[in-house]
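J.: What follows is a protein structure lacking sequence information:
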């Protein structure tokens with residue numbers, strides 16, 4: 001009798017514990033009976049159910065996330081790229097979510113991934129590589145992907161996609177070499193264009209400098225000729241004045257200048273006749289013919 005009473009007490013306690021369940025913050029509980037949903041509870045606290053006949057399934061209503069598997073996409077510029085991204089989602093309709101996934105978060109992610117991937121593929125095909133990378137283009141990409149994804153997930157899975165973010169864009173291995181080669185060619189072309197432009201500018205500067213130098217030389221030569229002309233004119237005027245004042249002295253002075261020029265270095269030798277006009281002042285100066 002004591003054993004039977006103890007068993008009955010234990011069973012009653014088990015039934016009592018099985019008659020209640022709790023709902024925590026950020027949770028929703030589905031009350032099931034023979035696999036069918038009787039009700040959903042989301043109010044935090046203690047709730048009752050029929051023991052043994054009814055079961056509860058606790059769902060996490062917080063924002064969940066998963067990393068999408070990198071896949072190949074084609075941009076609007078026909079460039080093949082691998083895109084890494086992550087998805088944030090949450091349960092929107094607990095009943096639909098249970099019917100579609102059995103309440104399994106892993107299965108939900110597996111079904112959600114291709115939906116988001118296809119939506120992202122459609123969006124990527126409408127944007128260039130620069131827009132995918134630039135921060136300014138992320139908002140439009142996210143909005144379009146969310147709209148296309150939620151149009152299907154809310155009806156088929158009972159979940160809402162909260163956010164989709166691209167975390168990396170890479171070129172596939174089979175086209176990296178071609179892309180790098182094209183980039184190298186473009187940089188070489190740019191370098192060649194810069195060098196050609198620099199050479200052209202250098203030639204232009206050199207030609208301008210030479211033109212200015214020629215102009216300066218021409219101006220200097222013109223000024224020098226002018227100065228020489230003025231000097232020659234003044235010298236001729238002085239010679240004329242000297243000759244007019246004393247022709248004999250002028251002739252004597254000119255002869256001295258000629259002697260100095262001819263014998264000034266002390267090494268010159270001149271062979272002349274003794275009666276040469278050039279040597280008239282080496283004899284008797286008074287015998288030199290007078291000049292008027």
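T.: Received the coordinates, thanks. None of these values were measured; they are calculated from a predicted model.
J.: What helix or strand is residue 82 located in?
T.: In this assignment (DSSP states H and E), residue 82 forms part of strand 80-91.
J.: next one: residue 160
T.: Counting by DSSP H and E, residue 160 is part of strand 159-170.
J.: Now do the buried residues in that strand.
T.: Within strand 159-170, the residues scored as buried using 16 or more other CB atoms under 10 Å are 159, 160, 161, 164, 166, 169. For every residue, glycine as well, the C-beta is placed using N, CA and C.
J.: what lines up beside the strand holding residue 82 in the sheet?
T.: strand 64-74 (antiparallel), strand 159-170 (antiparallel) (DSSP bridges).
J.: Would you convert those strands into JSON lines that also reports distance to residue 30 and mean pLDDT?
T.: Shown next, in JSON lines, are those (distance: least, CB to CB, whole Å; pLDDT from 0 to 100):
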{"stretch": "strand 64-74", "distance to residue 30": "17", "mean pLDDT": "87"}
{"stretch": "strand 159-170", "distance to residue 30": "15", "mean pLDDT": "88"}
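J.: any chance of these in a markdown table, plus distance to residue 146?
T.: Shown next, in a markdown table, are the strands paired with strand 80-91 (distance: least, CB to CB, whole Å):
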| stretch | distance to residue 146 |
| --- | --- |
| strand 64-74 | 14 |
| strand 159-170 | 6 |
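J.: For residue 133, find the nearest of these.
T.: strand 159-170 (6.0 Å; CB to CB).
J.: starting at the chain centroid, how far to that closest one?
T.: 25 Å (CA atoms, centre = their mean, to the nearest Å).
J.: pLDDT of stretch 208-224, averaged?
T.: When pLDDT is averaged over stretch 208-224, the result is 88.
J.: So in the protein, which helix runs the longest?
T.: helix 173-245 (DSSP state H).
J.: quick one, that one and strand 64-74 angle?
T.: 60 degrees (axes from the mean of the first three to the mean of the last three CA atoms, to 10 degrees).
J.: before we move on, the earlier item: can you tell me what sits against the helix or strand following the strand holding residue 82?
T.: Downstream of strand 80-91, the first helix or strand assigned by DSSP H and E is helix 94-101. Applying CB atoms under 8 Å, 6 or more residues apart in numbering, the contact partners of helix 94-101 are 28, 30, 37, 40, 57, 59, 91, 103, 107-108, 111, 155-159.
J.: Could you tell me which of these are located in helices?
T.: Using DSSP H, the contacts of helix 94-101 in helices are 107, 108, 111, 155, 156.
J.: Any of those residues buried? List them.
T.: Using 16+ other CB under 10 Å, the buried ones in the ones in helices among the contacts of helix 94-101 are 108, 111.
J.: hang on, the earlier thing: let me know the closest of the buried residues of strand 159-170 to residue 208.
T.: residue 169 (49.0 Å).
J.: re the thing from before, helices or strands next to the longest helix of the chain in the packing?
T.: For helix 173-245, the elements it packs on are helix 247-263, judged by 3 or more CB pairs under 8 Å, 6 or more residues apart in numbering; DSSP states H and E.
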